[in-house]
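[1] Sequence and predicted structure are below.
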Amino acid sequence: MSCLNGTDCREHIKRHTALAVLALMLVIFLLLSAWSFLPSRNQTIPSVVQYGDVDAVAGKRVFQAYNCMGCHTIVGNGAYFGPDLTKIYHDTGPAWLAAFLPSAGGWPTTAAVQVQLQNPLVQKEAGVADIDAYRKQYPGAAERMDHRGGQHSLMPNLPLDAGEIQALMAFFKYTSAMNNEGWPPKPDPDRRLPIQAASVAAAASAQAAPVAAAGSSPSDAGGAVDLVAAGQKLVGDLGCVACHATDQTRMVGPGWGGLFGHDVKLADGSTVVADEEYIVRSIREPDAQVVEGYPPHVMPSYDALVNEADMQAIVAYLRSL
Amino acid sequence: MLKIEYVTQRLSLRFFMLMLVLFAFQVAFGLVIATQHVDPTLLAGVANFNILRAEHTNLGILWILSGFIGTILFVGPLLSHRELAATGLIKFLFWALLAVTIWNVWTQSLAAEGIAGWWAGQPWLQEGLEYLEAGRAADVVIFVGFAILAYILLRTFPPRREWNEIHWGLAIGVVALTFVWLFGVFFVERIDLQEYFRWYVVHYWVEGVWEVIHISLVGFLLVLMFKADVKAVGYAVFWGVAMVWLSGLIGNAHHYFWIGTPEFWQFWGSLFSALEPLPLVFCFWHIYLDAHQDRKPLENAPAFYFILGSVVLEQVGAGILGFTMTFALTNVWSHGTWVTPSHAHLALFGTFGMLGIAAAYYAVPLLRGVKNFDQRLGRIAFWLVFTGMLGIAFGFAIGGTIQVFLYRSMGLSWFGGEIFPAMQFYKILVPIFGLVFTTGAGLLIYDLLTIGYRSRQAPVEEPAAAVRPVRGRWSAQLRGVEAGLWLMGMWIFGAIITLGLLSFNLEVVAKGDPTIPYVLGGIGYPGLLLITLLFVWRFLASLEARPAPAAQAQPSMAPAAVGQGT
């Protein structure tokens, strides 16, 4: 115990020694810290990571502004409500992220990712141009498209605009490129999965098969009812309903309920009637006639994915709502 | 009973009341986000999880700070033998704290729209960094508030040659509180550098500053409550603080394993943060010694219950559970999973929250001049929040162990439907024990808000207490050997948990067999939490069974002995 009786027990010397050791530790700590951030460490730096013409610093600002860390973790820090995002870009690639981020409330379908892959910037950043090569390069995207495509996600839709999405992609590209000293740990490739092993294995073998349900043609459909049913299936497969409600609810894009035949106010102030021509054009060239109150450049063009027969079915379905 | 000799001590009352109100809101937010974990669609799109969680963590920090301020203002005059300086500033501090809290609750909600208030490169409204969510505007006000607190305390204290270790501890604590805050008020572009500095605030606050304030305040409250020897407490305060810094300074490196900083931190962090429990063991030992300084019955049972809870949960939550995940080889698994909030909840609420509540239970009856307040509510409330928090920690820990296996070892997808159902039972445990906790929190808040105002005053149960017989061995005098055995038991369960986390490195686990980590975690966590519960029960039974002296003379505490220099 202490020197309660006032005898000299060298308490002062001990205390001074402790403080001296503490000072030594401070020096060690500061030296290690300085060493950690030297350029020779070759750690990736956000200001040099670009996605298109946006750098990852802008993305970090978006990441913070939406408090993404309040649900997800980044480098393992944050909340534990959603998955870790550090290597998400590496796993799922830019096309999947570009399809997911504007309408996070729904998981992107293969077609929705395919549409993004038509964008030259996404193609360039992904390093591949067609969806099969993309699935091979980004197995995380393939897994998500096969198991969850078209379903509801547990993430709410966020009001991200096109610029913010691009910035976030730059940020995720940066964190994926970082050296995190082996974290998160990589699962053993020979592991025996405890649950849903069969479905995962089945999905792996089915990877090569073409998934594009969008390509299936409703030409054999006889009546109008069949056309509407085919259209309903198509808007699900294409991932349209991740952004558009079938009633008048505003989601990421305008709702479809009661749209057909009614006036639509456009962002340029003009008004058009939502007839067949307008709907077809909105699908093939979404930026040509943007609805008032909605940001442009959010919806990609589905021109290459929807043939004439499919388009007829989609129009029939929208007309029925 | 201690008489209030200094009128300015009464200024502490409003901070205790504010603490209780903020605590109530924090618990409410916590209950909602725990339920959102069970059903993620709850309020999704209306009140998103990230915002509610930011409110939960920020209010947690703010009410703990409010409790610290109240306690410091209460003991300041006792340590200085004079009134607090700058009372106008204290009143300003109260309103500033209230205003900044309301402001911050509002600005956090802007994250749903992605509004951070960027101006001059800084996010002025909210900045979306865990624990440091407050925007720059609030940061500045908080900094000014800390500076005011430091100024008030230093102006109140006697000349420096009269300081003892408690003065030093508190003075260094409040100055460092202000200084360390500055590391969190810059936007940093690099995420590795940002995390490096973010942990300066989070780790050095908790480990370097709050811990110092905690040790000093616990020490002084023990002096007040048990007439513990000031020199003995001063010795404990100095070496407690010294060990906290000797281990915690480099121990901060356990946050630098995976954020993009070099590998060598894994060596330094594993080594030094393994030493971090040492001061906690030391502090734990001293509360045993000091609580046995006199053999009188507890005058103020709730206050001591919460002090004991604070020191024991510091040992278990910060010390043992922190230790289990502090090595690079265990942290690589626990990092970023549910395993960590079991540690965080026990450590933060346990250590610092319970200290604030203990101080309130000590001070509020004195400030309201209530003799013999009804201590039953406080006792019940303690047991409810204590078991509630242990249960919450259990849900997090076991749920987290399952999560580590399925998410990290098996690589299953988080929201893809595989991990959620596997954790669901433990997810449900969190709001269930949360309700237990909420009941206790509600009781103690009601009790403390209304002590002295309730019409039915304390039943005169003194005679009953006096004749309460010593009931068998469970309430026999707790001796040092036995306390040591209990402590060892806790650490044995801690070792089992550590081995459990370590076993994720085994090839058999990586190949898909979770038996070893599940069995070790399934023994370690419930064992640790149960032995903690039993130990606190045993300790309190021992104290409650102390025979009251025949003539219970209650000499008013002579603070003259307290504030003297060493």
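    Thanks, I have the structure now. Numbers count the residues shown, from 1 in each chain, chains lettered A, B, ... in the order given.

[2] at contact distance from chain A, anything in stretch B:119-134?
    Yes: counting by Cβ under 8 Å from any Cβ of the partner chain, contacts between stretch B:119-134 and chain A involve B:Pro123, B:Gln126, B:Glu127, B:Gly128, B:Leu129, B:Glu130, B:Glu133. All C-beta spots, glycine's among them, are computed from the backbone N, C-alpha and C.

[3] I'd say the fifth one and A:Gly70 touch.
    Going back to what we said before, that points to B:Leu129. No: between B:Leu129 and A:Gly70 no contact is recorded; they are 9.5 Å apart, counting by Cβ atoms under 8 Å.

[4] where does B:Pro40 land in three-state SS?
    Following DSSP: H, G, I helix; E, B strand; the rest coil, B:Pro40 is assigned to coil.

[5] what sits against the closest residue to it other than its chain neighbours?
    What sits nearest to B:Pro40 in space, not counting adjacent residues and going by Cβ to Cβ, 6 or more residues apart in numbering or on different chains, is A:Leu154, at 4.2 Å. Contacts for A:Leu154 (Cβ atoms under 8 Å, 6 or more residues apart in numbering or on different chains) come out as A:Gly82, B:Pro40, B:Thr41, B:Ala44, B:Phe415.

[6] where does residue 128 land on pLDDT?
    Since you didn't name a chain, this refers to chain A. For A:Val128, the model assigns a pLDDT of 94.

[7] please go with chain B instead
    94.

[8] Please apply the same query to B:Val21.
    pLDDT, B:Val21: 97.

[9] and what of B:Ala561?
    For B:Ala561, the pLDDT comes out at 42.

[10] Just the pLDDT for whichever residue of the stretch 51-200 of chain A sits closest to chain B.
    Among residues of the stretch 51-200 of chain A, the one nearest chain B by Cβ to the nearest Cβ turns out to be A:Gly70. It sits 2.6 Å away. At A:Gly70, the model reports a pLDDT of 95.

[11] Okay, now the unreliable bits of the chain?
    You didn't say which chain, so I picked chain A. In the predicted model of chain A, residues A:1-9, A:194-224 satisfy pLDDT under 70.

[12] think we crossed wires, I meant chain B
    Where chain B drops to pLDDT under 70, the residues are B:1, B:415-417, B:455-471, B:548-566.

[13] same thing but 80
    Residues of chain B that meet the criterion pLDDT under 80 lie in B:1-3, B:291-296, B:414-418, B:455-472, B:547-566.

[14] Count the neighbours of the residue of it found nearest chain A for me.
    Among the residues of chain B, B:Asn50 lies nearest to chain A; the distance is 2.6 Å by Cβ to the nearest Cβ. Using other Cβ atoms under 10 Å in any protein chain shown, the number of residues around B:Asn50 comes to 27.

[15] Let me know whether it touches A:Tyr80 as I believe.
    No: here B:Asn50 does not reach A:Tyr80: they are 11.9 Å apart, not a contact under Cβ under 8 Å.

[16] Look up how far A:Trp107 lies from A:Arg148.
    Per Cβ to Cβ, to the nearest Å, A:Arg148 is found 4 Å from A:Trp107.

[17] ignore the last one, A:Leu38
    The separation that A:Leu38 has from A:Trp107, given Cβ to Cβ, amounts to 42 Å.

[18] ok, the two, which is more surrounded?
    Each of A:Leu38 and A:Trp107 has its neighbours counted (other Cβ under 10 Å); A:Trp107 has more, 24 against 10.

[19] show me what contacts the more buried one?
    Contacts for A:Trp107 were tallied using Cβ under 8 Å, 6+ apart; they are A:Phe100, A:Arg144, A:Met145, A:Arg148, A:Gly149, A:Gly150, A:Gln151, A:His152, A:Ser153, A:Ala242.

[20] mind redoing it with 6 Å?
    With contacts defined as Cβ atoms under 6 Å, 6 or more residues apart in numbering or on different chains, the neighbours of A:Trp107 are A:Arg148, A:Gly149, A:Gln151, A:Ser153.

[21] Would you mind confirming that B:Glu211 makes contact with B:Val244?
    Yes: B:Glu211 is within contact range of B:Val244, at 4.9 Å (criterion: Cβ atoms under 6 Å).

[22] and those two? which has more neighbours close in?
    Higher neighbour count among B:Glu211 and B:Val244: B:Glu211, with 28 against 24, using other Cβ under 10 Å.

[23] helix, strand or coil for the more buried one?
    Following three-state DSSP, we place B:Glu211 in the helix state.

[24] where's it relative to B:Leu20, distance?
    Noted for B:Glu211: a distance of 23 Å to B:Leu20, by Cβ to Cβ.

[25] go on, A:Gln43?
    A:Gln43 sits 46 Å away from B:Leu20, taking Cβ to Cβ as the criterion.

[26] So the nearest residue to B:Glu55 once chain neighbours are set aside: helix, strand or coil?
    Distances taken as Cβ to Cβ, 6+ apart place B:Phe29 nearest to B:Glu55, at 4.8 Å, with adjacent residues excluded. Each residue gets one of three states, and B:Phe29 gets helix by three-state DSSP.

[27] Near B:Phe29, how many residues? Count them for me, please.
    22.

[28] what sits against it?
    The neighbours of B:Phe29, taking Cβ under 6 Å, 6+ apart as the test, are B:Leu52, B:Glu55, B:His56.

[29] burial of the first one, as a residue count?
    What it means is B:Leu52. By other Cβ under 10 Å, 20 other residues sit near B:Leu52.

[30] does it really touch B:Ala34, like I thought?
    No: the pair B:Leu52 and B:Ala34 does not pass the contact test of Cβ under 6 Å, sitting 10.2 Å apart.
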